[in-house]
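K.L.:
Need a 3D model of the sequence below.
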Amino acid sequence: MRPGLMTLLLAAGLLASPPAMAGAGQIGLVCAMPQGATLPAQRLCAAMAASLGQVAPGAPVVQGDGAGQAALQLTLQVTRQGRGGLTGHLQWQDAGARQMKKGPDVQFNVMDTGLDSVPMGGFTDALVASDPGLLAVLRALDGH
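P.N.:
The predicted model follows:
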């Protein structure tokens with residue numbers, strides 16, 4: 001849409017707000033599990049989306065088809081999963097970066113139970129908090 005026409009439609013009340021650029025302010029999320037993992041990737045992705053929403057509530061998390069167009073590309077990479085725990089890290093790239101950045105490995109262990117009965121929010125919160133560079137990018141996406 002041409003800028004002059006958009007301004008005219010906004011002034012006339014025919015357009016509620018300027019159309020957003022594809023992916024602007026969005027977080028594209030992919031969750032990758034090692035071969036043979038029994039914990040569903042979607043369960044981890046849901047927990048990661050909630051963790052990201054706590055840090056950047058104004059930045060929608062997109063999975064699937066729209067994830068590749070987001071301003072921030074984020075991959076939760078689980079490198080080890082056993083009955084009593086898992087290890088993983090985040091890889092991320094914002095629009096201005098030329099290459100992916102890798103956060104530190106985070107271990108999550110449980111006792112007296114299996115991973116299938118434990119909420120994953122503690123693990124995903126720790127992953128987000130472990131990388132100050134990622135936290136800065138998330139806050140910038142959210143407008144802080």
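K.L.:
From now on I want contacts and neighbour counts done on CA atoms only, so please keep to that.
P.N.:
Noted.
K.L.:
Mind listing residues that contact the longest helix anywhere in the chain?
P.N.:
Determined from DSSP state H, the single longest helix within the chain is helix 41-55. With contact meaning CA atoms under 8 Å, 6 or more residues apart in numbering, helix 41-55 is reached by 29-33, 59-61, 76, 120-121, 124-125, 128, 135, 138-139.
K.L.:
quick one: least confident helix or strand in the chain?
P.N.:
Lowest on mean pLDDT, DSSP states H and E among the helices and strands of the chain sits helix 3-12, with a mean of 37.
K.L.:
C-terminal to that helix, which secondary structure element comes first?
P.N.:
strand 27-32 (DSSP states H and E).
K.L.:
is it true that G58 touches R139?
P.N.:
No - in this structure, G58 is not within contact of R139 by CA atoms under 8 Å, at 9.4 Å.
K.L.:
In the longest helix of the chain, which residues are buried?
P.N.:
For helix 41-55, a neighbour-count test (16 or more other CA atoms under 10 Å) marks 41, 44-53, 55 as buried.
K.L.:
Which members of those are the farthest-apart pair?
P.N.:
A41 and V55 (21.3 Å; CA to CA).
K.L.:
Would you confirm that L74 belongs to a strand?
P.N.:
Yes - counting by DSSP: H, G, I helix; E, B strand; the rest coil, L74 is part of a strand.
K.L.:
tell me the pLDDT at it?
P.N.:
With respect to pLDDT, L74 scores 95.
K.L.:
Thanks a lot, see you next time.
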